[in-house]
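1. Let's see this in three dimensions:
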Amino acid sequence: MFEAQSGRAISAGGPTLVALTESAGTDAVADVSADASADASAVQVPPQGSRARRPAGAADGILRRQSQRESAARTYARSLPIVPVRARGLTIEGADGRRYLDCLSGAGTLALGHNHPVVLEAIRGVLDSGAPLHVLDLATPVKDAFTTELFASLPPALAADARIQFCGPAGTDAVEAALKLVRTATGRSGLLAFTGAYHGMTAGALDASGGAADVRVTRLPYPQDFRCPFGVGGPEGAELGARWTENLLDDPKGGVPAPAGMIVEPVQGEGGVLPAPDSWLRRMREITQARGIPLIADEVQTGVGRTGAFWGVDHAGVVPDVLVLSKAIGGSLPLAVIVYRAGLDVWAPGAHAGTFRGNQLAMAAGAATLAYVRENRLAERAATLGERMLTALRGLASAHPCIGDVRGRGLMIGVELVDPDTGACAPALAAAVRQECLERGLIVELGGRHSAVVRLLPPLTLTDEQAAAVLDRLADAIPAAARRSH
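-> Okay, the predicted model is just below:
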């Protein structure tokens, strides 16, 4: 079991796992609570299966009515049959009184966890001020403060000559805006995207995602070690992918429509938590820049410290032409923007619009979140704690052959489950692990090819004690699921 009290993570009945709570130095690890007394519930770890004395009938009725009234397209509700009524930090409490550690975090939206005090204060400030809540794209002090804070966090080379477009409320709306922008600016219609990509659920975003068919998108190989498309992995596999891309673009018989842009995720999330190698991402920047192709970085899930740097592209030192942002930048509320080089700003007034692009509450919450992540060095914290968690999970993998690969960057972590005999993806086992985690009070989700990757997206405010509890429950769930599957 993982024991936070001793400062080390220890596995009972198996190999000793790496220390999680060893001191990293007061300079390297920020205090993750702005007000420890006010946010005490955010750092407490509920015991496994903790349950208050509360009837479950009301929750059952809500779940039953949801299944009767909502569309067949609902997703998380199927695998997570809970009714949240309260939440703070990492913890969600259901209507039945049971508490869960939430490592889904709104699919990466909740950088500071649920109901962080600085977010609540920012929202209350707008509500108490009497400011309008709906303003279309009019200028407001709240918007100005958000834009100023966002620009202060951007790569300097982009911030110095950037424009921002507020989009509809979802990340997929920002992707659509980015594709529309580069096609307008270049006069070209083609698009370069990658296998395994996920960019949203609207038509254009789906075209650029990995499962699309019959579209004008050229699909390029995304590098990965565990299932390298070239069978070699590592730097050699990434280099082969870069050379393939370069040769295809320069081949007059390559069949590639003139590309208006290349869209890439610095870490593929839904694709299975696949970090792009820094050298490969730099090659993509060189290839696109040499050919006048705008580079679009989809940072909807990787942005705001998630990967251990403020933006995923920062690891490679790459400055994209367009940055697609959503999720965490709204501080838990709907907000989506694109930030791009001024030279691409060729739109006529009204060429791209949306009624709900002026979400004042989200801008206030987002500005507070951006400032808190920056001032408390939570990106650095995510890098340090994420590396410890990855090391611990790799130690766990040595004892369980059903764990094929452990990978990630910062607090964006994936564990791929496989058939120990064949090495094939094991989606049924992954689903069983998710269920076993839920029974132990841990919320995780699945991704990757065939949904065989268990994903962890905890808030950046995760404490050492909480990280130990998360890994303890996951370490218990995996062998339990493996026994069930047999």
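
2. For the rest of this, base every contact and every neighbour count on C-alpha atoms.
-> Fine.

3. Test my guess that residue 242 contacts residue 281.
-> No: Residue 242 is not in contact with residue 281 according to Cα atoms under 8 Å; the separation is 9.0 Å.

4. export the biggest helix by length in the chain as CSV, just CAs?
-> Determined from DSSP state H, the single longest helix within the chain is helix 464-485. Written as CSV, here are the backbone C-alpha positions of helix 464-485 (Å, rounded to 0.1, in the frame of the first residue of the first chain):
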residue,chain,number,x,y,z
ASP,A,464,1.8,14.2,-2.3
GLU,A,465,-0.7,12.5,0.0
GLN,A,466,-3.4,12.6,-2.6
ALA,A,467,-1.0,11.2,-5.3
ALA,A,468,-0.2,8.3,-3.0
ALA,A,469,-3.9,7.6,-2.4
VAL,A,470,-4.6,7.7,-6.2
LEU,A,471,-1.8,5.3,-7.0
ASP,A,472,-2.7,3.1,-4.0
ARG,A,473,-6.2,2.6,-5.3
LEU,A,474,-5.1,2.1,-8.9
ALA,A,475,-2.5,-0.4,-7.8
ASP,A,476,-5.3,-2.3,-6.0
ALA,A,477,-7.7,-2.1,-8.9
ILE,A,478,-5.5,-3.5,-11.6
PRO,A,479,-4.8,-7.0,-10.2
ALA,A,480,-8.5,-7.1,-9.0
ALA,A,481,-9.6,-6.4,-12.6
ALA,A,482,-7.1,-8.9,-14.0
ARG,A,483,-8.5,-11.6,-11.7
ARG,A,484,-12.1,-10.8,-12.7
SER,A,485,-11.2,-11.0,-16.4
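
5. Just the buried positions in it, please.
-> 464-479, 481-482 (16 or more other Cα atoms under 10 Å).

6. now swap in stretch 182-201 and tell me
-> Applying 16+ other Cα under 10 Å to stretch 182-201 flags 182-184, 186, 189-200 as buried.

7. what's next to it, contact-wise?
-> When contacts are defined by Cα atoms under 8 Å, 6 or more residues apart in numbering, stretch 182-201 is touched by residues 171-172, 175, 205-206, 208-211, 216-222, 256-265, 268-272, 294, 298, 344-347, 448-449.

8. Can I have the buried ones of these as a ChimeraX selection?
-> In ChimeraX syntax, the buried subset of the contacts of stretch 182-201 is picked out as below (16+ other Cα under 10 Å):
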select :171,172,175,205,206,208,209,210,217,218,219,220,221,222,256,258,259,260,261,262,263,264,265,268,269,270,271,272,294,298,344,345,448
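
9. Nearest to the spatial middle of this protein, which residue is it?
-> residue 301 (3.2 Å; Cα atoms, centre = their mean).

10. Which strands and helices lie in contact with the longest helix of the chain?
-> Other helices and strands packing on helix 464-485, by 3 or more Cα pairs under 8 Å, 6 or more residues apart in numbering; DSSP states H and E, are strand 2-3, helix 378-397, helix 427-439, strand 442-443.

11. Let's see stretch 454-462 as PDB, backbone CA atoms only.
-> These are the backbone C-alpha positions of stretch 454-462, laid out as PDB (Å, rounded to 0.1, in the frame of the first residue of the first chain):
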ATOM      1  CA  VAL A 454      -6.400   4.200 -18.400                       C
ATOM      2  CA  ARG A 455      -6.000   7.900 -18.100                       C
ATOM      3  CA  LEU A 456      -5.100  10.100 -15.100                       C
ATOM      4  CA  LEU A 457      -5.800  13.900 -15.300                       C
ATOM      5  CA  PRO A 458      -5.700  15.000 -11.700                       C
ATOM      6  CA  PRO A 459      -5.800  18.700 -10.800                       C
ATOM      7  CA  LEU A 460      -2.500  20.600 -10.700                       C
ATOM      8  CA  THR A 461      -3.100  21.200  -7.000                       C
ATOM      9  CA  LEU A 462      -2.700  17.500  -6.300                       C
END
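
12. Quick one: mean pLDDT over it.
-> Across stretch 454-462, the average pLDDT comes to 98.

13. try stretch 293-305
-> Over the span of stretch 293-305, the pLDDT mean works out to 97.

14. where does the stretch 51-200 of the chain dip in pLDDT?
-> Residues of the stretch 51-200 of the chain meeting the criterion pLDDT under 70: 51-56.

15. What segments of it are helices?
-> Remark: helices assigned in the stretch 51-200 of the chain by DSSP state H, counting those that start in this stretch are 57-69, 76-79, 105-108, 117-129, 141-153, 156-159, 171-186.

16. looking at these, which is buried most?
-> Ranked by mean neighbour count, the helices of the stretch 51-200 of the chain are led by helix 171-186 with a mean of 23 (mean count of other Cα atoms under 10 Å).

17. Which helix or strand contains the residue nearest to the centre of the chain?
-> Using DSSP states H and E, residue 301 sits in no helix or strand.

18. Do I have it right that it meets residue 327?
-> Yes: with contact defined as Cα under 8 Å, residue 301 reaches residue 327; the gap is 6.5 Å.

19. intersection of neighbour lists for the two?
-> Joint contacts of residue 301 and residue 327 (Cα under 8 Å, 6+ apart) are 108, 109.

20. avg pLDDT for stretch 472-486?
-> 92.

21. So which residues make contact with it?
-> With Cα under 8 Å, 6+ apart as the test, stretch 472-486 has contacts from 1-2, 11, 48, 396, 400, 402, 428-429, 432-433, 436-437, 440-442.

22. now swap in stretch 413-423 and tell me
-> 272-273, 386, 390, 401-408, 424-427, 429-430, 452-457.

23. buried residues in it?
-> 413, 414, 415, 416, 417, 418, 419.

24. Columns pLDDT on top of those residues, output as JSON lines?
-> Shown next, in JSON lines, are the buried residues of stretch 413-423 (pLDDT from 0 to 100):
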{"residue": "413", "pLDDT": "98"}
{"residue": "414", "pLDDT": "97"}
{"residue": "415", "pLDDT": "98"}
{"residue": "416", "pLDDT": "97"}
{"residue": "417", "pLDDT": "97"}
{"residue": "418", "pLDDT": "96"}
{"residue": "419", "pLDDT": "94"}
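
25. Just the closest of the residues you listed to residue 165, please.
-> Closest approach between these and residue 165, by Cα to Cα: residue 413, at 30.5 Å.

26. ok, the closest one to residue 447 distance?
-> Between residue 413 and residue 447 the computed distance is 11 Å (Cα to Cα, to the nearest Å).

27. Ends of stretch 196-207, what's the gap?
-> End-to-end distance for stretch 196-207: 12 Å, by Cα to Cα.

28. Figure out how far it is from the centre of its chain.
-> The chain centroid and the centroid of stretch 196-207 are separated by 15 Å, computed with Cα atoms, centre = their mean, to the nearest Å.

29. and of the helices and strands packed on helix 464-485, who's closest to residue 145?
-> helix 378-397 (20.7 Å).

30. All set, thanks.
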